[in-house]
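> Just need the structure, nothing else, for what follows:
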Amino acid sequence: MRDFFTYNGINSADFGCYVANANQFDAPARDVDTIEVPGRNGALTIDNGRYLNQTLTYSLYVRGDIRTKIMGLRNALTKTRGYLRLEDSYNPQEFYLARFVDAFAVSQSDRYRAGFSVTFDRKPQRFLKCGEDVITFTSNGTLLNSTDQIAKPLLRVYGTGSFTIGSATMTISSANVYTDIDCDIMDAFKGTTNCNGNISGAFPTLAPGDNAITLNGSISRIEITPRWWRL
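Here you go, the predicted model:
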């Protein structure tokens, strides 16, 4: 099997470009500020509670009609903008959010063989595809986060009243059937309608381990897309 990556639906293998190597085992650095204090040995550090973006580079090779194949992949990648979904055959159960922002440089061996690198600027999370599965609660229960990282889920809450996930309680005062709540960007909506004025309380997160789920009032169902991730 030859390895490949897929970016925003662009599969390198479709262009005859295959991955020879990637820095897949690298981990992102923590965002830490260092402060030097005169007269004090060592440095003070302030942990900002997050991880920094990381560079992910794929070393690729191509054979045959290298001009057509490389130009095809290059043109497809350079049309993209912003953070998009990136997957590869090394880690089929994971995906990243990444940007293609680097130059596209090719080292040609001869007329029929070439090697080159494609570099992405990716967010630090390795999202698990199983974290895209919707988990539904129609009564009180428990949701296990088996990772070591705090997840920020997407919620669809049916009805009004209060609900608790872990240590966070949120109240929905008004709803047209359901309310979508994105705990990552801290936003409530239904379609294109802003619903932030209808909610109060803390946006829930899913801590490692068991997270108790409690439904109160006329809330009949909560659908949780957990967005599990790891480093």
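
> From now on I want contacts and neighbour counts done on CA atoms only, so please keep to that.
Fine.

> Secondary structure element holding residue 44?
strand 43-51 (DSSP states H and E).

> buried sites along that strand?
Buried positions in strand 43-51, judged by neighbour count with 16 or more other C-alpha atoms under 10 Å: residue 51.

> Now tell me what touches the helix or strand of the chain with the lowest mean pLDDT from outside.
Lowest on mean pLDDT, DSSP states H and E among the helices and strands of the chain sits strand 105-110, with a mean of 74. Strand 105-110 is contacted by residues 114-117 when judged by C-alpha atoms under 8 Å, 6 or more residues apart in numbering.

> Check stretch 216-226 too.
For stretch 216-226, the external contacting residues (C-alpha under 8 Å, 6+ apart) are 131-139, 151-163, 206, 215.

> so how far is that stretch from its chain's centroid?
23 Å (C-alpha atoms, centre = their mean, to the nearest Å).

> end-to-end on it?
Distance between the two ends of stretch 216-226: 21 Å, counting by C-alpha to C-alpha, to the nearest Å.

> distance of residue 65 from residue 105?
Taking C-alpha to C-alpha, one finds residue 65 at 17 Å from residue 105.

> hey, where'd the helices end up in this protein?
66-78 (DSSP state H).

> Which segments of it make up each domain?
What automatic domain parsing lists as the domains of the chain is 5-124, 129-230.

> Please identify the most buried of these.
domain 129-230 (a mean of 17; mean count of other C-alpha atoms under 10 Å).

> what is the rounded mean pLDDT of that one?
Domain 129-230 comes out with an average pLDDT of 97.

> do the same with stretch 22-29
On average, stretch 22-29 scores 81.

> distance between the ends of it?
18 Å.

> Please name every helix or strand in contact with the strand holding residue 44.
strand 30-36 (3 or more C-alpha pairs under 8 Å, 6 or more residues apart in numbering; DSSP states H and E).

> In terms of secondary structure, what does the strand it packs on contact?
Counting by 3+ C-alpha pairs under 8 Å, 6+ apart, strand 30-36 packs on strand 43-51.

> What's the per-residue pLDDT of the residue of the chain most remote from its centre here?
Going by C-alpha atoms, centre = their mean, the residue of the chain most distant from its centre is residue 39, 42.9 Å out. At residue 39, the model reports a pLDDT of 81.

> Now do the same contact list for it.
Listed by C-alpha under 8 Å, 6+ apart, residue 39 has no contact partners.

> Quick check: the gap between it and residue 45.
The gap separating residue 39 from residue 45 is 16 Å, by C-alpha to C-alpha.

> How about residue 130?
Taken as C-alpha to C-alpha, the span from residue 130 to residue 45 is 36 Å.

> Partner strands of the strand holding residue 44, with direction?
The strands beside strand 43-51 in its sheet (DSSP bridges) come out as strand 30-36 (antiparallel).

> residues in contact with the strand it pairs with?
By C-alpha under 8 Å, 6+ apart, strand 30-36 touches 42-52.
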